[in-house]
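Asker: sequence? don't have it. structure:
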């Protein structure tokens, strides 16, 4: 049976050190002397160098006010209300997007926006908080049950795990999962019961899915402690378990309040409902989740992202063997610990991994009520492997006793005489990580949406339209109008979420409206479609109307048939073709903006223009008729 740690780990006599060390075994030394070793120096140097390379690689994006991530288009723009109260009041889309912002995240971001005056920069600062919190708690957690060297290497591995780190990009609610997990490990390893309870409470208010894993882990840990200890130690753990059990209903009520959605939005779709929706179908759906990949393949691919990143292609032999190598290595560490009468993998780590897998399998059974299943693997399993291997290797191979005081020869001693087997094993681990995922510095860390991605149109909208204006356009082309244009959007692709039934029914209707408008046959038809919806400005995506482009245009299901119908006309038979070549407010006051990517239509001005044109045409016809009649009368006379 695999041995896991109790609160008090029995002392194990160290292997015999060199003679030079024997003379000083009984001599007490300071904690700082233990830390100032060659191993800790090299580890710190490696972390500093990698952290510098990490930041340098994304410095042109991080804290740049023009760069954000695509998900921030949905979840950051509501903070414009800090500077513009009531800007999105009564807006259905904003009501749903705010529902993704857990209370603690919302109010923290609100306060930061009061300082930055810019939701984009708020996202950058919140991301910094998430990164720093994760780094500090992870370092403290690993060091609490091992030493400074594995703690430094664990932080380096964290920064190297690109798939994990890019989930923190933009300072979104999902980014709180990493610091929540790291904080849990820190307080659990320290035996700080109140710290764990506070972490769970804050987690409920920051990221409920991550907190579910933490709560399941801590409950399991307390049960294990009660069952595996005796005497006063058991009584202490029993008291902790009782307090946790008493608070569990409160945590559950807080979570339910956070995830509740009002009736006009509807409840989250079930998996059986999603199976009938093309929006979720593979491979072309807007959210291609159904049918789920097999659990084994998701665990092998998503669960092992700490070893194999998406931005590096390892040799196929290594990729196939890696799951067996990783799992086998964990058992080897546990076996070495058992043989040396020490717990290489503390109970908190083992039960965290089990809880993460349990929540993952529950999410497959209760999808999508427990969100998307593979999200319960990505960050939890990465954090599990980082902590498990960093701690496990050091505890299994270190030559000192498994104590936590400052005496020489304990696990805290990082000098080569005591730690060289662990350093060698950690070096081998680093080689395995490098072979599987390379340098870990590829890509933009998911900073994938610049303010000028669609040209200058959003900046123009922000500066030249009324604050209460409602903006529409091709749904994907106007994705950034809320965040960059600071205006309400009629519908966008990013906010067309099919997870909530009633909300999606309305978004589905609006998508059809704007697609028909975008590919309308005449300006008259454009106004007839948009005016009843209360749309003030419409943005044409100019690139859609080239003759060779029209036949290739598609959109997410279920709009394929509609798109085929709308794009089947000759290229010159679209309303867009009736627009002037350049902005001319004297001749065409309805088109106040045009650049190489977009053309903006003032719908009300266009309506007036068409009416005036009709009146002028009617007057011209009447004048022509009068002239003909006058000429006829003269001839008759």
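Answerer: Yep, it's here. All of these numbers come straight from a predicted model, not from anything done at the bench.
Asker: helices and strands around the helix or strand containing residue 149, which ones?
Answerer: Residue 149 is part of helix 148-160, with elements assigned from DSSP states H and E. For helix 148-160, the helices and strands in contact under the criterion 3 or more Cβ pairs under 8 Å, 6 or more residues apart in numbering; DSSP states H and E are helix 38-58, helix 119-145, helix 162-165, helix 375-397, helix 416-437. For the C-beta atoms, the positions are set from N, CA and C on the backbone; glycine is no exception.
Asker: List the contacts of whichever strand or helix holds residue 187.
Answerer: According to DSSP H and E, residue 187 maps onto helix 177-190. Contacts to helix 177-190, defined as Cβ atoms under 8 Å, 6 or more residues apart in numbering, come from residues 130, 133-134, 136-138, 140-142, 144-145, 164, 167-168, 195-196, 198-200, 202-203, 206-207, 209-211, 213-214, 217-218, 221, 346, 348-349, 352, 379-380, 383, 387.
Asker: can we see that at 7 Å?
Answerer: Residues from elsewhere that reach helix 177-190 (Cβ atoms under 7 Å, 6 or more residues apart in numbering): 130, 133-134, 137-138, 140-141, 144-145, 164, 168, 195-196, 199, 203, 206-207, 210-211, 214, 218, 221, 348, 379-380, 383, 387.
Asker: for stretch 70-85, same thing?
Answerer: 68, 87-88, 94, 97-98, 100-101, 109-110, 113-114, 117, 119-120, 122-123, 170, 172-173, 448-449, 467, 479-480, 482-483, 486, 494-495.
Asker: Return the subset of those residues lying in helices.
Answerer: When DSSP state H defines the helices, the subset of the contacts of stretch 70-85 inside them is 94, 97, 98, 109, 110, 113, 114, 119, 120, 122, 123.
Asker: can you tell me how far the fifth one sits from residue 297?
Answerer: Here the criterion is Cβ to Cβ, to the nearest Å. By it, residue 110 lies 41 Å from residue 297.
Asker: Ok, the second one next?
Answerer: Using Cβ to Cβ, one gets 32 Å for the distance from residue 97 to residue 297.
Asker: More neighbours: the two, which one.
Answerer: residue 97 (21 against 11; other Cβ atoms under 10 Å).
Asker: That one reaches residue 495, doesn't it?
Answerer: Yes. Between residue 97 and residue 495 there is a contact at 6.4 Å, judged by Cβ atoms under 7 Å.
Asker: how about stretch 418-427: buried residues?
Answerer: If you call a residue buried by 16 or more other Cβ atoms under 10 Å, then stretch 418-427 has these buried ones: 418, 419, 422, 423, 425, 426.
Asker: Residue 39 is in contact with the fourth one, correct?
Answerer: Yes. Using Cβ under 7 Å, residue 423 is in contact with residue 39, at 5.4 Å.
Asker: Now the common contact residues for these two.
Answerer: residue 149.
Asker: So which residue is dead centre in this protein?
Answerer: Relative to the mean C-alpha position of the chain, the nearest C-alpha, by Cα atoms, centre = their mean, is the one of residue 167, at 4.1 Å.
Asker: That residue against residue 379, yeah?
Answerer: Yes. With contact defined as Cβ under 7 Å, residue 167 reaches residue 379; the gap is 6.0 Å.
Asker: okay, and for the stretch 401-550 of the chain, where does confidence drop off?
Answerer: Per-residue confidence for the stretch 401-550 of the chain (pLDDT under 70) gives these ranges: 401-409.
Asker: Sorry, wrong one. I was asking about the chain.
Answerer: 1-36, 401-409, 631-637.
Asker: Identify the single longest helix in it, thanks.
Answerer: Counting by DSSP H, the longest helix found in the chain is helix 603-636.
Asker: now for that one, which elements pack on it?
Answerer: Under the contact definition 3 or more Cβ pairs under 7 Å, 6 or more residues apart in numbering; DSSP states H and E, helix 603-636 sits against helix 523-530.
Asker: Residues contacting the helix it packs on, please?
Answerer: The contact list for helix 523-530, computed with Cβ under 7 Å, 6+ apart, reads 472, 513, 516, 517, 520, 538, 575, 578, 603, 606, 607, 610.
Asker: From what I see, residue 311 and residue 445 are in contact.
Answerer: No. Counting by Cβ under 7 Å, residue 311 does not reach residue 445; the two are 10.3 Å apart.
Asker: Between the two, point out the one with more neighbours.
Answerer: For residue 311 against residue 445, the residue with the higher neighbour count under other Cβ under 10 Å is residue 445, and the figures read 21 against 14.
Asker: any idea how far residue 169 is from that one?
Answerer: For residue 445, the distance to residue 169 - Cβ to Cβ - is 5 Å.
Asker: next one: residue 149
Answerer: According to Cβ to Cβ, residue 149 stands 29 Å off from residue 169.
Asker: On the three-state scheme, residue 539 is what?
Answerer: Secondary structure, DSSP: H, G, I helix; E, B strand; the rest coil: residue 539 is strand.
Asker: continuing past the helix holding residue 187, what's the next helix or strand?
Answerer: On the C-terminal side of helix 177-190, the nearest following helix or strand under DSSP H and E is helix 193-206.
Asker: Taking their axis directions, that following helix and helix 119-145 sit at what angle?
Answerer: For helix 193-206 and helix 119-145, the angle between their directions (axes from the mean of the first three to the mean of the last three Cα atoms, to 10 degrees) works out to 150 degrees.
Asker: From the contact counts, what lies against helix 193-206?
Answerer: For helix 193-206, the packing partners by 3+ Cβ pairs under 7 Å, 6+ apart come out as helix 103-116, helix 177-190, helix 208-228, helix 231-259.
Asker: Next, the buried residues of stretch 327-345.
Answerer: By 16+ other Cβ under 10 Å, the buried positions in stretch 327-345 come out as 329, 330, 333, 334, 336, 337, 340, 342, 343, 344, 345.
Asker: So which of those sit within helices?
Answerer: Residues of the buried residues of stretch 327-345 located in helices (DSSP H): 329, 330, 333, 334, 336, 337.
Asker: doesn't residue 349 make contact with the last one?
Answerer: The one in question is residue 337. No. Residue 337 sits out of contact with residue 349 when judged by Cβ under 7 Å, with a separation of 11.7 Å.
Asker: Please identify the most buried of the helices and strands packed on helix 193-206.
Answerer: Across those, averaging neighbours per residue (mean count of other Cβ atoms under 10 Å) puts helix 177-190 on top, at a mean of 26.
Asker: Many thanks, we can stop here.
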